[in-house]
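*Asks:* Show me the folded form of this:
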Amino acid sequence: MPAALSRTARRRVLQVSAALLALAGVLVWWLVPIGAKEPSGHITFSTGVPTGVYQRYGKLLQQALARDLPDVSITLKDSEGSQQNLARLASGEADFTVATADAVAQYQRDRKPGFERLRGCARLYDDYVQLVVPKGSTVQSVADLRGRRVGVGQDGSGVRLIADRVLAAAGLTPDVDIVPVSAGIDTMPGLLERHRLDAFFWSGGLPTDAVQELSVRLPIRLVALDETLVQSLHDVGDSTRHYRSATIPADAYSRAQDGNAVDTLAVANILVTTEAADPDLVEGFTRTVIGSRDRIGSQVHPAQLVDLRTAIYTDPLPLHEGARRYYRSVKP
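*Replies:* The predicted model follows:
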């Protein structure tokens, strides 16, 4: 009888032990999902010119990523803008960047190196084209820029791409009918202030600090870009379909607008990476971009416009699998 009881007791102990092991396995699976891992390593984020929205956005995003992805170190790299940013991604010089949809479409259309490897993570905020002149200028339209010194952005920038297109849509040949000055938003306001420019183009979020600060130092005005220009741009072809008619609100630059809204055109910005980027990293990166909207937006106003409902639309780029995973995880 004692031997039988001993065998029964041992059997029960084994049964309880097996149950505990099974429970422990379930807990481990629940707490640490198979295949999940914290992203780690080093990445480079190509931003934009100093004082531009890309660069300011990048600095604040770097801080947010440091909190959310502590094992990932991030280096920011200034650039001339969208076109250079895309080239850096394609060459492996950068891992993430921001670029305008029109610049992406042109890069694809030109079949530049690595164009097929580009992937979207999130649609961010819109850039608004801003044509800035001194308040007393006689320039009332893009066509009036004929013969004048015009800041058109740096050679590798999205500003240069869109400025050339807007000039052409107005019937002007950029290198013939104006005196083009290659400069970025970090230098164009000063050149206008010192009378070394008659006007300059800028494409960025609203308000852009450099334009806002210029309006305090110098009376300036924004020149309207009407819907006929947008239609002329659309007629060029597929790479220009990403432009849309838009309005700069009356309070964007209160000193420059005298309480009046200004017609213009806008284009979306996209957070871009490549197909080679680690899906776990892209998922975490995208989560931080969406989750930090309000915190970053309190300092960089355009970031307030990042919207989960539209972020998934990264046309003309296919969505990266890591970003797709994030959007699925937050789908209602």
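*Asks:* any idea which helix or strand comes after the strand ranked longest in the chain?
*Replies:* If you go by DSSP state E, the chain has its longest strand at strand 118-134. Later in the chain than strand 118-134, the nearest helix or strand by DSSP states H and E is strand 149-151.
*Asks:* strand partners of that following strand, parallel vs antiparallel please.
*Replies:* Strand 149-151 sits in its sheet next to strand 179-181 (parallel), strand 199-204 (parallel), going by DSSP bridges.
*Asks:* Run the chain-centre distance for the longest strand of the chain.
*Replies:* Relative to its parent chain, strand 118-134 has a centroid offset of 7 Å by Cα atoms, centre = their mean, to the nearest Å.
*Asks:* how about the helices of this structure, start to end?
*Replies:* Counting by DSSP state H, the chain has helices at residues 2-31, 53-68, 82-91, 101-109, 158-169, 188-193, 209-217, 227-234, 254-257, 279-291, 293-297, 308-311, 321-329.
*Asks:* want to throw these into a markdown table with mean pLDDT?
*Replies:* Below are these laid out as a markdown table (pLDDT from 0 to 100):
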| stretch | mean pLDDT |
| --- | --- |
| helix 2-31 | 52 |
| helix 53-68 | 92 |
| helix 82-91 | 95 |
| helix 101-109 | 94 |
| helix 158-169 | 94 |
| helix 188-193 | 98 |
| helix 209-217 | 95 |
| helix 227-234 | 88 |
| helix 254-257 | 94 |
| helix 279-291 | 96 |
| helix 293-297 | 90 |
| helix 308-311 | 93 |
| helix 321-329 | 97 |
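*Asks:* Geometric centre of this structure: which residue is closest?
*Replies:* Centroid-nearest residue in the chain: Val98, 3.6 Å away (criterion: Cα atoms, centre = their mean).
*Asks:* Tell me the bridge partners for that residue.
*Replies:* With DSSP bridges as the rule, Val98 is bridged to Leu271.
*Asks:* got the contact list for it?
*Replies:* The contact partners of Val98, by Cβ atoms under 8 Å, 6 or more residues apart in numbering, come to 47-48, 54, 57-58, 82, 85, 124, 269-272. The way it works is simple: take the backbone N, C-alpha and C, and place the C-beta from them, glycine included.
*Asks:* ok so, going back, of the helices of the chain, which is nearest Asp263?
*Replies:* helix 227-234 (7.2 Å; Cβ to Cβ).
*Asks:* And the closest one, what does it pack against?
*Replies:* Counting by 3 or more Cβ pairs under 8 Å, 6 or more residues apart in numbering; DSSP states H and E, the packing neighbours recorded for helix 227-234 are helix 158-169, strand 244-248, strand 262-274.
*Asks:* Check which residues of that helix are buried.
*Replies:* With burial defined by 16 or more other Cβ atoms under 10 Å, the residues of helix 227-234 counted as buried are 229-230, 232-233.
*Asks:* Got the domain ranges for the protein?
*Replies:* Taking automatic domain parsing as the reference, the chain has its domains at 41-125+269-329, 127-267.
*Asks:* How far does the first one stretch from one end to the other?
*Replies:* If I follow you right, that is domain 41-125+269-329. 24 Å (Cα to Cα, to the nearest Å).
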